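Visitor: Here is a sequence with its predicted model. Questions after.
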2 protein chains.
Amino acid sequence: MSASTALLTDRYELTMLDAALRDGTAHRQCVFELFGRRLSGGRRFGVAAGQGRLMSLLRDFRFADDELRFLRDEKVVSAETLAYLENYRFRGSIEGYREGELYFPGSPLLTVKGTFADAVILETLALSVMNFDSAVATAAARMSIAAGDRPLAEMGSRRAHEHGAVAAARAAYITGFDATSNLEAGRAWGVPTMGTAAHAWTLLHDTEEDAFRAQLDSLGASTTLLVDTYDIAEGVRRAVELGGPDLGGVRIDSGDLPLVAADVRDQLDALGNTETTITVTSDLDEYAIAALAASPVDSYGVGTSLVTGSGYPTAGLVYKLVARQADSGEWIPVAKKAQGKGSTGGAKQAFRLLENGVATEEHVRLASDAPAPDGSRALVVPFVTGGEFDASHEGTAGVRSAREHHMAVRRELPTRALALSKSDPAIPTSLV
Amino acid sequence: MSASTALLTDRYELTMLDAALRDGTAHRQCVFELFGRRLSGGRRFGVAAGQGRLMSLLRDFRFADDELRFLRDEKVVSAETLAYLENYRFRGSIEGYREGELYFPGSPLLTVKGTFADAVILETLALSVMNFDSAVATAAARMSIAAGDRPLAEMGSRRAHEHGAVAAARAAYITGFDATSNLEAGRAWGVPTMGTAAHAWTLLHDTEEDAFRAQLDSLGASTTLLVDTYDIAEGVRRAVELGGPDLGGVRIDSGDLPLVAADVRDQLDALGNTETTITVTSDLDEYAIAALAASPVDSYGVGTSLVTGSGYPTAGLVYKLVARQADSGEWIPVAKKAQGKGSTGGAKQAFRLLENGVATEEHVRLASDAPAPDGSRALVVPFVTGGEFDASHEGTAGVRSAREHHMAVRRELPTRALALSKSDPAIPTSLV
């Protein structure tokens, strides 16, 4: 895999660039905006995620020999455009919502300013990253709200593209998950990693007893034993017999979880293992987690539904030209007129209005020097200024600060935003 | 991004390995099987995809300094296991369904044979690749059937993880799409690339006329002009005026497509542009494509629904230990007993039974030396034999042959398999 990210791009971005270099419009100053027209699935808020990944990928958005050779061989663009791309690096500016921030319809999540040439070719990559990561982050935040204080582990790698899995683990950690099974997410992004054992572990051994004993020998009594390979009650009895009073936990991966969890808790307590925890991991989503709130479950492992956005695997964000400079120097707001797909022209600012610390409105206005509204929190921060990247958003430090930011701003949500049922956005967006 | 793929793995694969090296079971010969218990979404067949990608990724499944350092620093495994991993390369065997092959519940898509140590740690990566690629391939095949002879272009990169997008374009090409917008899919996998222009292109210019003229100057009259930025009828009139009788096509990305397509066709014909094609691209899935069958549409561009598996973004495939060798040398079939998640023990063979060239049954049996059933097609081919990879599945040649194979075997399906509605699998699986 090439280190360059420049070909993670739709062909038409480059053919538009080619035509724009030819007719001179490539050098017009433009403002592109990345936003969502609506929230997927009747959710009450969205979570913007991926900005930290995107900035690192944009640093590698360069056309080196391999990329140029492909574009030349495939006759994608002219020789003049190849020469332009050879020297391309993003020299414009990007500002937007911090990673982990909440968003609503019309929130200007990223604003990309530069020449048409600078900005148009970032469209595909910016949307790929933000759409996937925000879809997972939004689902993860809902699960985190449903789980309350109980820990959540992300274990969906096997149900996602192998690199999507890493991004999903990262997004889930930012929005309230505590750990992931994915080792690369640990290495690349500093997400804590965890794991128990698979059914194959038990089946590998002559008996369940052999399997449990070997796992306890290797990982100690604090480990979590998977008790549902054969008979759950028998598995629990055996786990306690071998693990003793300090057995860390048992995991249940099948069955009717509220009923099974209650039975296992009773059995563990009767055996004296009142501190041994119960982890459940079978096809959970935010609704199943909420339905287990009154059950004696200590932690949740979530797989498929997390990495697939719990029914909404892409956030539906778009990247639109909203303003461009005329030859006179004047800025002209622009917008497509098509049915159901309109956008609002002009570069924007955004503020979250708060009353007594509770969010009341997403206040979006055309960019101006006017002061921020009273009692508001400014939502837009710089990511790239004149081609210079603000590194604080990137790497493991960026993940940590995104997680802290998300947890802080989630506390501003009104109570109605925490419900899982389909409804309108929790706060209205005013576009002034 | 490291060139190694070894950490695209769940932590528990390595902690199980660690415990198995300690108790000696790591060296037991095992058979793992990758299969689906059911078809997602009431589909009538699934398409197995990703094998060619997986084999290349498995070649890079090696633990180098970076990987070992992370595992040591995080105390994932013991020093003995680190030493084992340092020398790890897969020395077992893998056989399975060819990429592009159809599958049904219980079809043994991949069979991995080797020591427990060899085989267990491939689980996460094998499932990530096969689950994502097969989900997209299955959706793409249904769209391809719905489109009939009309060309299909994949343009969903912006709605998928940036590397998932490349895999999706590849999977769609294997199952009947003709081209992709994704340039990396062109470079890495030889998928033909295509593109038109975005609304931003029109909005960049002072007038739609300027935008069309510049695109025609750059790409020639055979290009496709996007006509719905402002008023469609006006856009079509202008496109014909500027593009002339040889204008290649117009694209419509909004509105009620059956109505709009009919109007645009009438208008083009009235203007004498009977050869100018109509491409539609707005939120299409297999149902919308089928609903346009009687409309004067020449080609389709499909985005979101393709890359997200049209409602089923993961194929739900699992990787299970199905047999292991006892210390006596005897092979023992093994299977989890849990409710709704059972599997069938033992290494298997698979054949597709055919009558007059039409598939009638998926015939799966425990491995034996018995001859293939009369009139059947053997489904299982070697991918890796004793650690040696069969390179024919990989790279651009692998993609081409997978596409040819898919098109050939799809013709074996009974007519009822081509319906889009939810139902049972098109043919039964017999497990002998």
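Guide: Ah, there it is.
Visitor: hey, let's count contacts and neighbours off CA atoms from now on
Guide: Will do.
Visitor: so which helix or strand takes in the residue in the stretch 1-150 of chain A that chain B sits nearest to?
Guide: For the stretch 1-150 of chain A and chain B, the shortest gap (CA to the nearest CA) falls at A:Ser128, measuring 4.3 Å. Element membership for A:Ser128, per DSSP states H and E: helix A:123-147.
Visitor: Name the next helix or strand downstream of that helix, please.
Guide: Next in sequence after helix A:123-147, counting helices and strands by DSSP H and E, comes strand A:152-154.
Visitor: ok so, going back, hang on, the residue of the stretch 1-150 of chain A closest to chain B packs against B:Gly156?
Guide: No: using CA atoms under 8 Å, A:Ser128 is not in contact with B:Gly156, being 9.0 Å away.
Visitor: Give me the common contacts of those two.
Guide: Residues touching both A:Ser128 and B:Gly156 (CA atoms under 8 Å, 6 or more residues apart in numbering or on different chains) are B:Ala165.
Visitor: Which residues are in contact with the most centrally placed residue in chain A?
Guide: What sits nearest the mean C-alpha location of chain A, by CA atoms, centre = their mean, is A:Asp133, with 3.0 Å. A:Asp133 sits next to A:48-50, A:167-168, A:171, B:161 when contact means CA under 8 Å, 6+ apart.
Visitor: make it 7 Å
Guide: Contacts for A:Asp133 (CA atoms under 7 Å, 6 or more residues apart in numbering or on different chains) come out as A:49-50, A:167-168, A:171.
Visitor: before we move on, what about A:Ala169?
Guide: Contacts of A:Ala169 (CA under 7 Å, 6+ apart): A:154, A:180, A:182, A:185.
Visitor: Now do the helices in the stretch 251-400 of chain A.
Guide: Using DSSP state H, counting those that start in this stretch, the helices of the stretch 251-400 of chain A run over A:257-270, A:286-291, A:304-307, A:395-410.
Visitor: what about dumping the CA coordinates of the first one to PDB?
Guide: If I follow you right, that is helix A:257-270. Backbone C-alpha positions of helix A:257-270 (Å, rounded to 0.1, in the frame of the first residue of the first chain) are rendered in PDB as follows:
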ATOM      1  CA  LEU A 257     -29.400 -12.400  28.100                       C
ATOM      2  CA  PRO A 258     -31.700 -10.900  30.700                       C
ATOM      3  CA  LEU A 259     -32.800 -14.400  31.800                       C
ATOM      4  CA  VAL A 260     -29.400 -15.900  31.600                       C
ATOM      5  CA  ALA A 261     -27.600 -13.100  33.400                       C
ATOM      6  CA  ALA A 262     -30.000 -13.300  36.300                       C
ATOM      7  CA  ASP A 263     -29.500 -17.000  36.600                       C
ATOM      8  CA  VAL A 264     -25.800 -16.700  36.400                       C
ATOM      9  CA  ARG A 265     -25.700 -13.900  39.000                       C
ATOM     10  CA  ASP A 266     -27.800 -16.100  41.400                       C
ATOM     11  CA  GLN A 267     -25.500 -19.000  40.800                       C
ATOM     12  CA  LEU A 268     -22.400 -17.000  41.300                       C
ATOM     13  CA  ASP A 269     -23.700 -15.400  44.500                       C
ATOM     14  CA  ALA A 270     -24.900 -18.800  45.800                       C
END
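Visitor: and that helix, does that touch chain B?
Guide: No: Helix A:257-270 stays clear of chain B (CA under 7 Å from any CA of the partner chain), getting no nearer than 11.7 Å.
Visitor: Flag every buried residue along that helix.
Guide: By neighbour count on 16 or more other CA atoms under 10 Å in any protein chain shown, the buried set for helix A:257-270 is A:257-258, A:260-262, A:264-265, A:267-268.
Visitor: repeat for the longest one
Guide: Going by neighbour count (16+ other CA under 10 Å), the buried part of helix A:395-410 is A:395-396, A:398-403, A:405-407, A:410.
Visitor: which residues touch stretch A:54-63?
Guide: With CA under 7 Å, 6+ apart as the criterion, stretch A:54-63 contacts A:3-6, A:85-86, A:88-89, A:126, A:129, A:394.
Visitor: ditto for stretch A:171-186
Guide: In contact with stretch A:171-186 (CA under 7 Å, 6+ apart) are residues A:49, A:100, A:133, A:136-137, A:140-141, A:144, A:151-155, A:157, A:166, A:169-170, A:191-195, A:399, A:402-403, A:406, B:7-11.
Visitor: Now restrict those residues to buried residues only.
Guide: A:49, A:100, A:133, A:136-137, A:140-141, A:144, A:151-155, A:157, A:166, A:169-170, A:191-195, A:399, A:402-403, A:406, B:7-11.
Visitor: Thank you kindly, that will do.
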